[in-house]
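Engineer: Got a predicted model here, sequence first, then my questions.
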Amino acid sequence: MTTDTAARAEPGADPEGLSFEDALKELERIVETLERGQGSLDDAIAAYERGAKLKKYCQAKLEEARLKVEKIKLDDSGQPTGTTGLDG
């Protein structure tokens with residue numbers, strides 16, 4: 001999905017098809033729009049709902065990345081030697 005398409009996504013649309021970067025850009029645009037206070041109340045509510053979904057999605061992607069980074073094993077010199085499971 002392109003950034004332009006992401007900007008026009010329906011408020012109820014699932015952000016799953018977006019990259020983290022596109023979701024974050026869309027969330028930033030929503031915040032800017034809400035801060036300007038332009039548009040109708042219904043539009044603001046829809047934007048807020050979409051923003052909440054995007055925030056949750058971005059948080060989940062960041063947590064996923066954090067867990068992947070934690071799994072990387074380093075040797076004594078700090079070089080990656082492989083990965084380990086989440087439990088060990």
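Structural biologist: Perfect, thanks for sending it.
Engineer: Starting from R36, give me the distance back to the spatially most central residue of the chain.
Structural biologist: Geometric centre of the chain, nearest residue: C58, 2.1 Å, by Cα atoms, centre = their mean. As judged by Cβ to Cβ, to the nearest Å, C58 and R36 stand 22 Å apart. C-betas here are computed from N, CA, C, even on glycine.
Engineer: okay but the residue nearest to the centre of the chain is in contact with D22, surely?
Structural biologist: No: using Cβ atoms under 8 Å, C58 is not in contact with D22; the gap is 10.3 Å.
Engineer: ok, back up a step: pLDDT value on the residue nearest to the centre of the chain, please?
Structural biologist: Listed pLDDT for C58 reads 97.
Engineer: element containing it?
Structural biologist: Assigned by DSSP states H and E, C58 belongs to helix 41-71.
Engineer: strands paired with the following helix or strand past that helix, and their directions?
Structural biologist: Past helix 41-71, further along toward the C-terminus, the next helix or strand under DSSP H and E is strand 72-74. Strand pairing for strand 72-74, determined by DSSP bridges: strand 80-83 (antiparallel).
Engineer: Any chance you could list what contacts the partner strand?
Structural biologist: Counting contacts by Cβ atoms under 8 Å, 6 or more residues apart in numbering, the residues outside strand 80-83 that touch it are 71-75.
Engineer: Mean confidence (pLDDT) on it, please.
Structural biologist: Mean predicted lDDT for strand 80-83 stands at 74.
Engineer: Next, the buried residues of that strand.
Structural biologist: When burial is assessed from 16 or more other Cβ atoms under 10 Å, strand 80-83 yields no buried residues.
Engineer: Contacts only, for T33.
Structural biologist: Applying Cβ under 8 Å, 6+ apart, we find T33 in contact with 39, 47.
Engineer: re the thing from before, ranking by neighbours, what's the top pick from the contacts of strand 80-83?
Structural biologist: Within those, most neighbours by other Cβ atoms under 10 Å means K71, with 13 neighbours.
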